[in-house]
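> just coords:
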C-alpha cells in the first residue's frame, strides 16, 4: 500500500512546532510565518488535486482568532473547496495545541485561490472535486459566494 495517501486527493495537512525564530517579542507566532505555512499547505492541496504546479492568485480572508504561542504545535488542514475553470478555492483551517495542557484552539481560517499551470506556464482547466460529505458540500456551495465577492472586489480594483 505504498502509493496510498492518508487524505483525499484534494486535501493536505501540515504540522509545525512554533520555535523562537517564528515569534515576535511577545512570544506569539509571526503572522507572516503563519501566512507562509498556510500558502504552502494550500498549494499542496491544489497540486495534489490538479496534478500540476499551482500558483497563488489571491488570498481572500485571513482571520486571526487567537494568538499562537511559542512551544505550541500548529496543525494546518487544507481542502480544495471548489474548482471553477482554471482556478480553485482552497480553505485552510489552523489549530494550535498546547502540548502541556492538551488545549486545542481554532486559531485561524484562510481562503486562497490557486491557478493550475500547464507545461507552458499557462492556466489550464482543472477537474471538479467530488464531495463526499455534507461538510464538503457546504464548503463547495459557500465557495461560490466567496468567488462572487472576490470577482466584485477585483472589478473595483481594476476599474480605470
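Yep, that arrived. Just so we're clear, the structure is a prediction, and the values are computed from it rather than from any experiment.

> Following element in sequence after the longest strand anywhere in the chain, please.
For the chain, the strand with the greatest residue count under DSSP state E is strand 104-116. Note on strand 104-116: by DSSP states H and E, the next helix or strand toward the C-terminus is helix 134-158.

> Tell me the helices and strands packed up against that next one.
strand 54-64, strand 73-83, strand 87-97 (3 or more CB pairs under 8 Å, 6 or more residues apart in numbering; DSSP states H and E). For the C-beta atoms, the positions are set from N, CA and C on the backbone; glycine is no exception.

> Pipe the ones you listed into JSON lines and attach distance to residue 148 per row.
JSON lines is the format used below for those (distance: least, CB to CB, whole Å):
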{"stretch": "strand 54-64", "distance to residue 148": "11"}
{"stretch": "strand 73-83", "distance to residue 148": "12"}
{"stretch": "strand 87-97", "distance to residue 148": "12"}
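
> now the angle between strand 54-64 and the longest strand of the chain, please.
150 degrees (axes from the mean of the first three to the mean of the last three CA atoms, to 10 degrees).

> Given strand 104-116, what are its sheet partners and their directions?
strand 54-64 (antiparallel), strand 87-97 (antiparallel) (DSSP bridges).

> And what about residue 34, helix, strand or coil?
The three-state label given to residue 34 by DSSP: H, G, I helix; E, B strand; the rest coil is helix.

> any idea how far it is from residue 147?
Remark: distance between residue 34 and residue 147 (CB to CB, to the nearest Å) = 24 Å.

> quick one: which of those two has more around it?
residue 34 (25 against 18; other CB atoms under 10 Å).

> what's the model's confidence in the longest strand of the chain, averaged?
Confidence for strand 104-116, expressed as mean pLDDT, is 96.

> Just give me the neighbour total for residue 54.
Residues lying near residue 54 (other CB under 10 Å) number 26.

> swap that for residue 106, sorry
Count around residue 106 with other CB under 10 Å applied: 12.

> same thing with residue 62?
A count of neighbours around residue 62, defined by other CB under 10 Å, yields 16.

> circling back to that earlier point, the longest strand of the chain vs helix 134-158, what angle?
Interaxial angle, strand 104-116 versus helix 134-158 (the same axes, to 10 degrees): 60 degrees.

> Begin at 800, not 1, for the rest of this chat.
Sure thing, new numbering starts at 800, so read that last one as strand 903-915.
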